[in-house]
Every structure is written in C-alpha cells, then in structure tokens.
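Asker: quick one, fold the following:
(2 chains)
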Amino acid sequence: MEEKSFICTACPMGCRLIVRLESNEVVQVLGNRCKRGENYGTQEATVPKRMLATTVRAHGGIHPLLPVYTSAEVPKAKMQEILVILREVDITCPVKMGDVLLKDIAGTGVDILASRDL
Amino acid sequence: MKHNYDVVVIGAGPAGLASAIEAKKSGADKVLVIERDREPGGILLQCIHNGFGLHTFKEDLPGPAYAQRFIDEAHALGIDFLLDTMVMEITPERQLWLSSARKGYFSLDAKAIVLAMGCRERTRPQIRIPGMRPAGVFTAGTAQRWVNVQGFMPGKRFVILGSGDIGMIMARRLTLEGAKVESVLEVQNYLSGLMRNYVQCLEDWDVPLRLRHTVKRVIGKNRVEAVEAVAVDEKWQFIPGTEQMIPCDTLLLSVGLIPENELSKKAGVSLSPVTGGPIVDQNFQTNLPGIFAAGNVVHVYDLVDYVSEAGNQAGHGAALFANGTLSKPQKSIKVNAGRNVRYVVPQFLDPRALKDEAVVLQCRVTQPIEEDVWFEVRSESQSIVRRSDRYARPGEMVSVKLTPSMFDDVLKAGELFLDIYAKSEA
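Answerer: Alright, predicted model coming up:
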C-alpha cells in the first residue's frame, strides 16, 4: 500500500487529501469533502495535469512577445518538453486571440492558442 | 455647460472596461475610456497565467484573453478610447484635465466619471527593509511586466518576500523561464494568496515557502548578492540566532497593493483609511455626486470576476446619473466592519435600493478562521441575515447579499454591522 498526500485545488477550500494506491491503482481517497475532491485526488495520484501559460517570440506587433496557453490541461511530466518546443517558436503578427499556433503539442492532443490579439 | 461625454471612465483595466460597457448598455450615449498605456487591458495584459473568468465566462482563461473579450465588446459598442493619455486632474464639477504627447494639455467635461485607476504595489521604502541599496530589488509586478510583456529577465537567482498571489505566480513564471527561486518568505503565519497558487506555483516547482520569516538585511554593493532571512515572532520581531544567508541576485517584493487615488484626493473624494480607496454607496458613487469608483481603486480584490461586477454596477450608476434618472438618497445608513472584519464595501447604503434589487456587501476577515463560520449582518438590535461557510481567510474576499425581503429590517436600522465568527463561538 502506497500513500500520497495533496492539497486539493478543485475549489478554494484546500482540503488535505490522502490517496491510497495499490500497484499504481487508486483504491481510496481520504480527506475530501466532495466528489470533485475525489476526482482531483485520483488524477493527481496517477497523471497530474496542469494548464500551461507562457510566451513565445513575436515580430511585427507592438510587443516582442505573444502570450500563449494550452487549450486544455497537459500532463505535468510533459511540461519541460513543451517549453523546449515553444522556445523555438517565432510568430509573425498579426495574430488574433484564440488562433491555433501549434496543434497536438508534444503528442498531448492539446493545442497552443494565442492569448490575445497582437 | 456643454458636455463632451455622458460618462468618462479613467483607466482601461477590467474595472474601467466593464464600467464603460455597462454605462453604454444602460443608456449613456457618449462613453469615453482614458488610458495612460498605449493599449487597453491594464494589468491583465501582464497576467499571462490561467485562472481568469471562471465565474464570468465559465472558462479558464489567461489574463490577456479575459481583457480581450471586454476590449472587443467595447469596440463593438462604439465606446471611444483615448490611449497614451494621462489624466492630470479632475474637478468636483467633473471637468477632466488631460495630457498626451499627441494632443498636449487639454480638458473635457463629463456628466459622470468612473474612477478605475486600479492599485499600485507597495515598494521597499514602504516596508522599510534594512541593509544596503544595491540594484536588484524590484516589485513582483514590475518583474512580471518585464518577463511577460517586454521580454527580459531581471535576474537568475531570486528570493521573493511576501506570499501574495503575484509573488507566487512570479515564482513559477521565473522557474519556467530557467531561473532559480531560492525561497518565498512570508512574515505572517499564513499564506496571503490563494491556496491554488501555493500548490501550482510553489509546490509543483519545489519552491520552499517559509512562514513567519522576513528579510533582515539586503546585502550587495552594486547588485544584490544575498539576503539575510530571519524568523520572526508573532509580533514580527526578529528572533536572534535564526538568521540565514541566502545567496541571490534579485529580491522581489510581493507585499501588498494600495489603491491609486491621487486624482480622487485632489478632487475631494473622501477615502477610507482602512481600504485606501473612496468611501462609496451601493451604486459605487463617492461623496462627490456623479463621481463613481470601481475595482482595485476602491479596495483590492483577489478575483478579477468580482472587479468586472463592480465595474458593471458603477457603470450602470454613472449612466443613470448622466441621464438624470439616478434617484437621490433620502436616507443613507452606515455599514460598519464588526467583529473580526477589517472592512466592508459599500460603506453606506440607501435602504430604498433594496426595494427593487439585492445589494451585495463585500468584506475581508481580519484573522483567519479554519472552521465553520457565520457571516452575519445585523443592526444595533437584531440579526438581519447570516450565511455560513467552512472557513474565512484574509486572502479571500467574502460577500453577503442583502435581498429585498430584508428591506423592512434594514429601513428600521440606524446602522448596519457585519460580523464574522466561528460557529463554535456563536
């Protein structure tokens, strides 16, 4: 039996969760006060995911950087790989908010979107 | 007098944009937003992280995308913008004196004004950090603008003082950009920002948080070379023997925000000594008729969605005032911060407003309570409404709604009080 502990961020309450795993399968989530907490704990103990927001180079706009974000959460384990790819990106303006700049980044099925017009 | 505009909004951040949009929708014909930056959006433009719009749009947006939606709507509604323009002075008669490189020094008249100048960060002199005066001590928001908008890194090894949201968010941002964040120091024994930011910005990236710690000394001749951290007691006094040298080249300060009210003061707007912002009524109108205020200029919010809501209310009020249809208060009762409450906004309300619609009281708790609590509004003699929650924390604004069903009770009250207390102490 393995135990992992987390602070739940499904809502601002911040419940302290204990997730019990057996051979990498979640068998019990403790400390949560709602269903969302159970889902969060299960996800966090198996494949933790986060939204990623960063910037890429841009030219032809009023700023040298364009803020971008992921269309959905990506596995934490993929963050560094995604950042390395984004460091090589150079966008030519004009760009519109929501434009898809890169599809299926690092094989995650998630796209990189422009956060604003530039 | 000929008025150039029905409603003039000062500041094109979230409060200003929402005010202008709502003023237009509420019947103001000519609406203008004045902004000192060269584009609208305000501080949201440098807040490139996610987490905005969960209430307003039911979506998890980055700051610039949240701003862009309001900017697009304002343009679609035909709202005018004066960018790269500084408001130098406003008068109680609602004349504005402006300055810009393109148009020089000029004036405008408005039937109603909405103050939406936002807030400023506390800086090193305001918290009196001893030590040397090298380069490399910046506010977290300044660093945020450099890293996220202008494209340069202010250092390689950071210490962050203060566990406010901007500080924690910058800890993650700097780590993503390849810097090392050695530590976040917080003088209180609880987090000032949101728990979500602690998990996603510090825990995720192995940035240590030290509660009850502060900076005793900044060290460095030309550039910061280290900070001396120290543990403090409950009165924030240094505990001798706990000093620790942390080598770093940059110290970021995330030690609080202050509403920016130089224009308001000069015009004669009454400010609250607690919030640092204008004292307002339920329409977000100040003591000067026709001058409204919304957002961080009134008090510092933790979520932008609530700033937009405040902008909507102020913009609506301003439009009605401009059109001569805003009812004048007959009775104005004081709303007091009661037990364990630092402040309440609005500070005054006209009970008659409750006849038609709900009035939301926004407040901040003084001391955190980590058990079931009551938020209670009462008069001198009786409880009017109370609602419960599972905790109360200074980092999270709390609101209590007064509804038309409470009209009679509020009308009878001489003053109102808002209390926050543990249910176990009831």
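Asker: just the strands in the stretch 251-400 of chain B please.
Answerer: With DSSP state E, counting those that start in this stretch, the ranges of strands along the stretch 251-400 of chain B come out as B:257-259, B:291-293, B:333-337, B:341-345, B:348-349, B:359-365, B:373-378, B:383-389, B:398-402.
Asker: and the pLDDT at B:Met1?
Answerer: The predicted structure scores B:Met1 at 48 on the pLDDT scale.
Asker: equivalent analysis for the one 10 residues further on, please.
Answerer: Among the per-residue scores, B:Gly11 shows a pLDDT of 98.
Asker: count the neighbours of it for me.
Answerer: Counted with other Cβ atoms under 10 Å in any protein chain shown, the burial measure for B:Gly11 works out to 30 neighbours. Using the backbone N, CA and C atoms, a C-beta is placed for each residue, glycine as well.
Asker: mind listing what it touches?
Answerer: Taking Cβ atoms under 8 Å, 6 or more residues apart in numbering or on different chains as the definition of contact, the neighbours of B:Gly11 are B:33-35, B:42, B:115-118, B:295, B:297.
Asker: looking at those, which is nearest chain A?
Answerer: Taking Cβ to the nearest Cβ as the measure, chain A lies nearest B:Gly42 of the contacts of B:Gly11, at 12.7 Å.
Asker: show the backbone phi and psi for the residue nearest to that closest one when sequence neighbours are not counted.
Answerer: Spatial nearest neighbour of B:Gly42, excluding adjacent residues (Cβ to Cβ, 6 or more residues apart in numbering or on different chains): B:Gly13 at 2.4 Å. When quoted as degrees, to the nearest 10, the phi and psi of B:Gly13 stand at phi -80, psi -170.
Asker: just to revisit the earlier point, so of the strands of the stretch 251-400 of chain B, which one's packed in deepest?
Answerer: Burial among the strands of the stretch 251-400 of chain B, expressed as mean neighbours by mean count of other Cβ atoms under 10 Å in any protein chain shown, is greatest for strand B:291-293, which shows a mean of 30.
Asker: ranges for the helices of the stretch 51-200 of chain B?
Answerer: Secondary structure of the stretch 51-200 of chain B (DSSP state H, counting those that start in this stretch): helices at B:63-76, B:124-127, B:140-145, B:165-176, B:195-197.
Asker: mind telling me which of those the model trusts least?
Answerer: helix B:124-127 (a mean of 86).
Asker: quick one: B:Leu288 from B:Gly277, how far?
Answerer: Taking Cβ to Cβ, to the nearest Å as the measure, B:Leu288 and B:Gly277 are separated by 14 Å.
Asker: got it, and B:Gly16?
Answerer: Taking Cβ to Cβ, one finds B:Gly16 at 15 Å from B:Gly277.
Asker: who's more crowded, the two?
Answerer: Neighbour totals were compared for B:Gly16 and B:Gly277, and B:Gly16 leads with 32 against 29 (other Cβ under 10 Å).
Asker: if we ignore the residues flanking it in sequence, what's nearest that one?
Answerer: Using Cβ to Cβ, 6+ apart and skipping residues adjacent in sequence, the residue nearest B:Gly16 is B:Ala116, 3.5 Å away.
Asker: return the residues in contact with that neighbour.
Answerer: Under the criterion of Cβ under 8 Å, 6+ apart, the contact list for B:Ala116 reads B:9-13, B:15-16, B:19, B:293-295, B:297, B:311, B:314.
Asker: could you single out the nearest of the residues you listed to B:Gly141?
Answerer: Of all these, B:Gly13 has the smallest distance to B:Gly141: 12.7 Å, by Cβ to Cβ.
Asker: which residues of the stretch 251-400 of chain B lie near chain A?
Answerer: Taking Cβ under 8 Å from any Cβ of the partner chain as the test, the list of the stretch 251-400 of chain B residues beside chain A reads B:390-391, B:396.
Asker: just these now: which is nearest B:Glu93?
Answerer: Closest approach to B:Glu93 among those (Cβ to Cβ): B:Glu396, at 39.4 Å.
Asker: which phi and psi values does that closest one adopt?
Answerer: As for B:Glu396, its main-chain torsions (degrees, to the nearest 10) stand at phi -120, psi 120.
Asker: surely it and A:Cys11 touch.
Answerer: No - distance between B:Glu396 and A:Cys11: 11.1 Å, which falls outside the contact criterion (Cβ atoms under 8 Å).
Asker: tell me which element the closest residue to B:Pro130 other than its chain neighbours falls in.
Answerer: Computed as Cβ to Cβ, 6+ apart, the closest residue to B:Pro130 that is not its neighbour in sequence is B:Arg217, at 5.6 Å. B:Arg217 is located in strand B:213-219, with elements delineated by DSSP states H and E.
Asker: buried stuff in that strand?
Answerer: Residues of strand B:213-219 classed as buried by neighbour count (16 or more other Cβ atoms under 10 Å in any protein chain shown): B:213-216, B:218-219.
Asker: name the strands paired with whichever helix or strand comes after that strand and say parallel or antiparallel.
Answerer: Per DSSP H and E, the first helix or strand lying C-terminal to strand B:213-219 is strand B:226-231. Partners of strand B:226-231 in the sheet, by DSSP bridges, are strand B:213-219 (antiparallel), strand B:244-247 (antiparallel).
Asker: just put those in a markdown table and tack on mean pLDDT.
Answerer: Listed next are the strands paired with strand B:226-231 as a markdown table, based on pLDDT from 0 to 100:
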| stretch | mean pLDDT |
| --- | --- |
| strand B:213-219 | 96 |
| strand B:244-247 | 98 |
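Asker: any chance of those in CSV with distance to B:Pro125 as columns?
Answerer: Shown next, in CSV, are the strands paired with strand B:226-231 (distance: least, Cβ to Cβ, whole Å):
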stretch, distance to B:Pro125
strand B:213-219, 13
strand B:244-247, 22
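Asker: can I see the domain layout of chain B?
Answerer: The record's domain split for chain B, according to automatic domain parsing, is B:5-120+B:258-326, B:123-255, B:336-425.
Asker: tell me the most buried of these?
Answerer: Most buried among the domains of chain B, given mean count of other Cβ under 10 Å as the contact rule, is domain B:5-120+B:258-326, at a mean of 22.
Asker: quick one: end-to-end length of that domain, please.
Answerer: The distance separating the two terminal residues of domain B:5-120+B:258-326, taken as Cα to Cα, to the nearest Å, comes to 17 Å.
Asker: list the contacts of the nearest residue to B:Lys265 once chain neighbours are set aside.
Answerer: Closest residue to B:Lys265 in three dimensions, ignoring its sequence neighbours and counting by Cβ to Cβ, 6+ apart: B:Leu271, at 6.6 Å. By Cβ under 8 Å, 6+ apart, B:Leu271 lies in contact with B:261, B:264-265, B:277-279.
Asker: next step: the contacts of B:Gly11 restricted to strands.
Answerer: In strands, defined here by DSSP state E, the members of those are B:33-34, B:115.
Asker: reformat those as a markdown table; add distance to chain A and pLDDT.
Answerer: Converted to a markdown table, these look like this (distance: Cβ to the nearest Cβ, whole Å; pLDDT from 0 to 100):
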| residue | distance to chain A | pLDDT |
| --- | --- | --- |
| B:Val33 | 17 | 98 |
| B:Ile34 | 19 | 98 |
| B:Leu115 | 26 | 98 |
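Asker: any chance of those residues in TSV, with distance to B:Thr366 too?
Answerer: Putting those into TSV (distance: Cβ to Cβ, whole Å) gives the following:
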residue	distance to B:Thr366
B:Val33	36
B:Ile34	36
B:Leu115	27
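Asker: show me the helices in chain A, by range?
Answerer: Under the criterion DSSP state H, helices of chain A are mapped to A:35-46, A:79-87.
Asker: please identify the deepest-packed of these.
Answerer: Each of the helices of chain A was assessed for mean neighbour count using mean count of other Cβ under 10 Å. The highest is helix A:35-46, with a mean of 18.
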